[in-house]
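Student: What would the 3D arrangement of this be:
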Amino acid sequence: MIELINLYLNDLQNALNAVSKETVQQIAETLIDARDRGACVFVFGNGGSASTASHWACDLAKGTLDEKDVAAGPPLRVVSLADNNALITAWANDLSYEDIFAEQLRSLAQEGDVAVGVSASGMSENVLRAARLAKEIGCRVVGVTGFGGGELARVSDIAFVVDSSDYGVVEDLHLTLNHILRLILYMDRRKASCAE
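Tutor: Okay, the predicted model is just below:
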């Protein structure tokens, strides 16, 4: 059992060491720009990545605010497309499961918004269709993936690729990225508030 614990922790540490800080900075700058312009950020994924999308939406919407001064500067407008079960099942039933995120984007997204596709493998068809549609609309696409990046890394404007083929390690790093971004956006908003 100790060997398995050490194996996982070693894999996690190796993936952490391989994180591109430049890519994290690019994503943070993209989100800050979206916030400052009043653009919306849409996050989506399946299974564990659906939970990650919900977690990102919560943390980036509320966790970037200073509770003592919630009116200081614009909040980030962020929506998880994995959360509306009625709409997801309606699109899956009436069209196809591959279109559940793209059809939500078709009615919600506008040019200048940001689409964040989360897929450990980078090969989830419904995430890929949404990413491609987002680009057609004029959104900036951020791919959050692992397993070498898959197709999602290729269609994204910015790709955060975890250097691992272990779903647990990849998903752990996707949440780590979320928490880093939350901290950056929180501190940036506080800095802007103090400067006023």
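
Student: what secondary structure does the most centrally placed residue in the chain sit in?
Tutor: Among the residues of the chain, the one closest to the centroid is Val116, at 4.2 Å (Cα atoms, centre = their mean). What DSSP: H, G, I helix; E, B strand; the rest coil gives for Val116 is strand.

Student: same check, this time on Ser165
Tutor: Secondary structure of Ser165, reduced to three states by three-state DSSP: coil.

Student: What's the local residue count around it?
Tutor: The local packing count at Ser165 equals 13, with neighbours defined by other Cβ atoms under 10 Å. Bear in mind the C-beta positions are built from the backbone N, C-alpha and C, glycine included.

Student: swap in Val114?
Tutor: 27.

Student: now do Leu76
Tutor: Residue neighbour count, defined by other Cβ under 10 Å, stands at 26 for Leu76.

Student: got the contact list for the nearest residue to it once chain neighbours are set aside?
Tutor: Computed as Cβ to Cβ, 6 or more residues apart in numbering, the closest residue to Leu76 that is not its neighbour in sequence is Arg35, at 4.3 Å. By Cβ atoms under 8 Å, 6 or more residues apart in numbering, Arg35 lies in contact with 64, 74-77, 185, 189.

Student: Same check on Gly45?
Tutor: With contact set as Cβ under 8 Å, 6+ apart, Gly45 has these partners: 52-53, 82, 117-119, 124, 127, 144.

Student: what's the answer for Leu173, then?
Tutor: 12, 15-16, 19, 146, 162, 164.

Student: just the strands in this structure please.
Tutor: With DSSP state E as the criterion, the chain has strands at 40-44, 77-80, 114-119, 140-145, 158-161.

Student: what lines up beside the last one in the sheet?
Tutor: Right, the one you point to is strand 158-161. Each strand pairing with strand 158-161, determined using DSSP bridges, is listed with its direction: strand 140-145 (parallel).

Student: Let me see the mean pLDDT of the strand it pairs with.
Tutor: When pLDDT is averaged over strand 140-145, the result is 98.

Student: likewise stretch 179-192?
Tutor: Averaged across stretch 179-192, pLDDT comes to 90.

Student: starting at the chain centroid, how far to it?
Tutor: If you compare the mean C-alpha spot of stretch 179-192 with that of the full chain, they lie 16 Å apart, counting by Cα atoms, centre = their mean, to the nearest Å.
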